[in-house]
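# okay, predicted coordinates and the sequence, questions at the end:
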2 protein chains.
Amino acid sequence: MPLTVGELSESALLKRIFPRLPSAANTLVGPGDDAAVVAAPDGRTVISIDTLVQDKDFRLTRPNGFVTTGYDVGWKSAAQNLSDINAMGGEATAMVVSLTLPPETPVDWVESLADGLAAACRYLGAEGCGVVGGDLGGGTELVVTAAVTGSLEGRAPVLRSGAKPGDVVALAGTVGRAAAGLALLEAVEDLESLGDEELALIGIQCRPEPPLAAGPAAAEAGASAMLDVSDGLVRDAGRIAEASGVQIDLDPDALRGFAAPLEQAARQLDADPLDWVLGGGEDHGLLATFDPTGTLPNGFTAIGSVVAGTPHVTLGLQAPASIGWDHFAH
Amino acid sequence: MPLTVGELSESALLKRIFPRLPSAANTLVGPGDDAAVVAAPDGRTVISIDTLVQDKDFRLTRPNGFVTTGYDVGWKSAAQNLSDINAMGGEATAMVVSLTLPPETPVDWVESLADGLAAACRYLGAEGCGVVGGDLGGGTELVVTAAVTGSLEGRAPVLRSGAKPGDVVALAGTVGRAAAGLALLEAVEDLESLGDEELALIGIQCRPEPPLAAGPAAAEAGASAMLDVSDGLVRDAGRIAEASGVQIDLDPDALRGFAAPLEQAARQLDADPLDWVLGGGEDHGLLATFDPTGTLPNGFTAIGSVVAGTPHVTLGLQAPASIGWDHFAH
């Protein structure tokens, strides 16, 4: 039997977690006190919070035998939080993490979660982000909440509300891959039957890769509006449309490039890859609008345009079929 | 039947919550974007995170009919987070809050929680603290996580590690009241039988009142070490002892003043009020150490002294019977 968290004191568990967490130059006072102290070099701190709940945001095991590791959950928690800072045009400076753990949780699952948090910060390029503190407690289901701080390095934050008619709509990172990966996880009975391309999609579902360099680059380039696509392209574009009081028209031709890597999985599941591109979240790509006279920053692809009109989203000026995810409606 | 969160979309629920949350001068970008932006006037941000879990940290209803309201849970979440900033000598600047809500949760329970968050910030004196963002999701049990940021206003943070032999050990706020209130809630069958003094103890258990002016005052006065008493006086004093490499001796005579308001409840439950004072957390009083040549700041009472010795806590130089709370061991 593996050692479980119910067999350890809180302090003994913390002693196993702390050494696995990254420190960073921004960490002025790290874990171990009532609170941490983090650098905020330009006199402002960006802050966000996000939660993953067992059986809602991840499944420990699936009927086909697929296992979500602690490493996956730690990575995903870090990635989605880092993405929120990215979407403001900031660079992450620190994370604090609260874990609600059923007593039967294996200690090595929690250690693996800490490793996943650390690996995501390193691999995604958030070297400035230390994990500086946290909270541990018991519960009946696993809940992982991280709050993340960031620095704008003197820049203005990029809000959702600045898109103007005539702006180019552009996307950085990927879209639809995590949704395709989830569809595969839910439909495929024999994991051995999956090819490399399909396993890569499942990999993005488990360990998303938000394009962390793109947020600050977009801010530098004067992006007029930005957010990260976490609930689906149409739904999230609708948020920019709503906040900015504009219509956003997506170009179906431009989206084909994002659908192409999903085609093999779509054939296997008899699905339309464009549905994943339009409705799938969780890749945490960046959607931004830019003045059309400038050059798009590295990593961004034009996928549409901002049009004067009542706030809504169109696809080639038609109503799109797919919409995104609602956390309570499903 | 009351309206439940399962009947509302996430955005509809957010529209009901946001107007209830406090804004503040430190809020540069509030709720509604991917992340908030908060002032960090001295170029540093203090940050902490704390979670409350249903049936662990609060019970919605007890066998005797006692109901924990959303207001109570919101207040407690704010209070314990604000206390962590206080314990570093900081003033809170912002909170972000993540709610995991079973679909059957009444919407008015969540609205009441938002009111409790706002009321605690106002009543406890954290006028500079806005609630600037959050996350909503579903789950099988209620989980409330808040992360809080704070400003040190140019001061050094007060850590646990600076206590020196000869220092005075002092306490601000109350200790043992929340524990006595909890003992009453667990033991009393007829709530109608309770007197005003006992109801006040239950009130502190439900809506603790950390002394938020005392943390910055202690930092100004040069406190050598500080933390908030959340897990019990002996256990938390032990943390200062451990981090500072000193012995802390508590003075039983000085603690009698803190035990006095608990005596009526103790008689009713056949308990020793000193056990609550030594072992009870959740009042979120402040425990700090000061150079003996100075004057204690307003609100602090001397309760012991720092002694050279192996890191441990004594009561009149004897081993104390009570120890504090461990989140997994109970």
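Noted; the coordinates are in hand.
# roughly how far apart are A:Leu250 and chain B?
Plainly put, A:Leu250 is 20 Å away from chain B if you go by CB to the nearest CB, to the nearest Å. For every residue, glycine as well, the C-beta is placed using N, CA and C.
# OK, contacts around that residue?
Counting by CB atoms under 8 Å, 6 or more residues apart in numbering or on different chains, A:Leu250 touches A:169, A:233-234, A:237, A:278, A:303-304, A:313-316, A:320.
# nearest spatial neighbour of it, skipping sequence neighbours?
Spatially, and ignoring its direct neighbours in sequence, A:Leu250 is nearest to A:Gly304 (4.0 Å; CB to CB, 6 or more residues apart in numbering or on different chains).
# so that neighbour: helix, strand or coil?
Under DSSP: H, G, I helix; E, B strand; the rest coil, the three-state class of A:Gly304 is strand.
# now do the contacts for it.
Contacts of A:Gly304 by CB under 8 Å, 6+ apart are A:168-169, A:237, A:248-251, A:254.
# same question for A:Asp50.
Taking CB under 8 Å, 6+ apart, we find A:Asp50 in contact with A:77, A:80-81, A:84, A:145-146, B:98, B:135.
# so what strands line up beside the strand or helix carrying it?
Element membership for A:Asp50, per DSSP states H and E: strand A:44-53. Strand A:44-53 pairs in its sheet with strand A:143-151 (antiparallel), strand B:36-39 (antiparallel), by DSSP bridges.
# does the following helix or strand past the longest one reach chain B?
The first helix or strand that comes after strand A:143-151 along the chain, using DSSP H and E, is strand A:168-172. No: Strand A:168-172 does not reach chain B (CB under 8 Å from any CB of the partner chain); its nearest approach is 14.1 Å.
# thinking again about what came up before, out of the strands paired with strand A:44-53, which is closest to B:Phe258?
Nearest to B:Phe258, of all the strands paired with strand A:44-53, is strand A:143-151, at 33.7 Å by CB to CB.
# tell me the contacts of A:Glu220?
Contacts for A:Glu220 (CB under 8 Å, 6+ apart) come out as A:89, A:155, A:297.
# picking that back up, any idea how far the strand holding A:Asp50 is from the chain center?
Relative to its chain's centre, strand A:44-53 lies at 11 Å (CA atoms, centre = their mean, to the nearest Å).
# quick one: buried residues of that strand?
Buried positions in strand A:44-53, judged by neighbour count with 16 or more other CB atoms under 10 Å in any protein chain shown: A:44-53.
# leaving out chain neighbours, which residue sits closest to the residue in the stretch 51-200 of chain A that chain B sits nearest to?
With CB to the nearest CB, the shortest gap between the stretch 51-200 of chain A and chain B falls at A:Ala147, namely 3.4 Å. The shortest distance from A:Ala147 to any residue other than its chain neighbours is 3.4 Å, reached at B:Ala147 (CB to CB, 6+ apart).
# got it, and A:Asp236?
Leaving out its chain neighbours, the residue that sits closest to A:Asp236 by CB to CB, 6+ apart is A:Val229, at 4.7 Å.
# same question for A:Ala170.
Once flanking residues are discounted, A:Ala170 sits nearest to A:Phe300: 4.0 Å by CB to CB, 6+ apart.
# that neighbour: neighbouring residues, count only.
For A:Phe300, the count of nearby residues is 25 (other CB atoms under 10 Å in any protein chain shown).
# in terms of contact, does it touch A:Ala214 like I think?
Yes: A:Phe300 is in contact with A:Ala214 according to CB atoms under 8 Å; the separation is 6.7 Å.
# mutual contacts of those two, please.
Residues touching both A:Phe300 and A:Ala214 (CB under 8 Å, 6+ apart) are A:172, A:286.
# contacting residues around the closest residue to A:Leu262 other than its chain neighbours?
Excluding the flanking residues, the one nearest A:Leu262 by CB to CB, 6+ apart is A:Pro273, at 3.8 Å. By CB under 8 Å, 6+ apart, the contact list for A:Pro273 reads A:176, A:180, A:259-260, A:262-263, A:265-266.
# list buried residues within these.
Buried subset of these (neighbour count, 16+ other CB under 10 Å): A:176, A:180, A:259, A:262, A:265-266.
# let's have these in TSV, adding secondary structure and pLDDT.
Formatted as TSV, the buried ones among the contacts of A:Pro273 follow (DSSP: H, G, I helix; E, B strand; the rest coil; pLDDT from 0 to 100):
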residue	secondary structure	pLDDT
A:Gly176	coil	97
A:Ala180	helix	97
A:Ala259	helix	95
A:Leu262	helix	96
A:Ala265	helix	95
A:Ala266	helix	95
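# which two from these end up farthest apart in space?
Maximum pairwise distance among the buried ones among the contacts of A:Pro273 (CB to CB): 10.8 Å, between A:Ala259 and A:Ala265.
# who does the spatially closest residue to A:Ser23 that is not a sequence neighbour bridge with?
Using CB to CB, 6+ apart and skipping residues adjacent in sequence, the residue nearest A:Ser23 is A:Gly130, 4.6 Å away. A:Gly130 has these beta-bridge partners by DSSP bridges: A:Ala94.
# now do the one 4 residues further on
Beta bridges link A:Gly134 to A:Val97, judged by DSSP bridges.
# from A:Leu269, how far out is it?
Applying CB to CB, to the nearest Å, the value for A:Gly134 to A:Leu269 is 39 Å.
# just want to know which of the two has more residues nearby.
Shown here are A:Gly134 and A:Leu269; by other CB under 10 Å, A:Gly134 has more neighbours (25 against 18).
# hang on, isn't that one packed against A:Val96?
Yes: contact criterion CB under 8 Å: A:Gly134 and A:Val96 qualify, at 5.6 Å.
# need the overlap of contacts for the two.
Shared contacts of A:Gly134 and A:Val96 (CB under 8 Å, 6+ apart): B:Ile49.
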